[in-house]
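Asks: here are the coordinates; sequence isn't available:
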């Protein structure tokens, strides 16, 4: 007995119901859009990572410079004239992060215009912080002799 069917080949499949797969062009366009979006996301991530790194570096440098300035302002006033410029040690309690360098300089000021061979009781203090060989922050302040 032979059964005859009115169904055609492919009838009842997805293709016969108006559905079809993606064409090669659609797949390529979708991949191109995905690549552009992914590239933009990665670029934004890279920029934000760099910004966080710079901010962290600056925060560390500012903290180091403020600590050193406070240490010098609280240290006894150096009025010795033997070495030319006043000298203040670095704060021994500062925990120096790897790669950072703190320098301090003090210069006698001459408010009377008579030269710096005398100490008139005021000094300009400059603190500089470097990370590697990159200058990060410079802070200036003044130290006065209290009589």
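Replies: Nice, thanks for sending it over. The model shown is predicted, which means the values in this text are computed figures rather than measured ones.
Asks: Quick check, residue 57 in contact with residue 131.
Replies: Yes. With contact defined as CB atoms under 8 Å, residue 57 and residue 131 form a contacting pair (5.7 Å). C-beta here means a position set from N, CA and C on the backbone, and glycine is covered the same way.
Asks: For residue 80, see how far away the most centrally placed residue in the chain is.
Replies: Centroid-nearest residue in the chain: residue 54, 0.9 Å away (criterion: CA atoms, centre = their mean). Separation of residue 54 from residue 80 (CB to CB, to the nearest Å): 40 Å.
Asks: And residue 141, by the same measure?
Replies: With CB to CB as the criterion, residue 141 and residue 80 are 20 Å apart.
Asks: For the two, indicate the residue with more neighbours.
Replies: Per other CB atoms under 10 Å, whichever of residue 141 and residue 80 has more neighbours is residue 141, with 15 against 11.
Asks: And the helix or strand harbouring the more buried one, what does it pack against?
Replies: Using DSSP states H and E, residue 141 sits within strand 134-144. For strand 134-144, the elements it packs on are helix 24-74, strand 122-131, judged by 3 or more CB pairs under 8 Å, 6 or more residues apart in numbering; DSSP states H and E.
Asks: Off-centre distance for the shortest one?
Replies: The reference is to strand 122-131. 21 Å (CA atoms, centre = their mean, to the nearest Å).
Asks: What helices and strands are in contact with that strand?
Replies: Using 3+ CB pairs under 8 Å, 6+ apart: strand 122-131 touches helix 24-74, strand 100-108, strand 134-144.
Asks: next one: the first one
Replies: Under the contact criterion of 3+ CB pairs under 8 Å, 6+ apart, helix 24-74 touches strand 100-108, strand 122-131, strand 134-144.
Asks: Out of the ones you listed, which one sits most buried?
Replies: Compared across the helices and strands packed on helix 24-74, strand 122-131 shows the largest average neighbour count, a mean of 19 (mean count of other CB atoms under 10 Å).
Asks: Sounds good, over and out.
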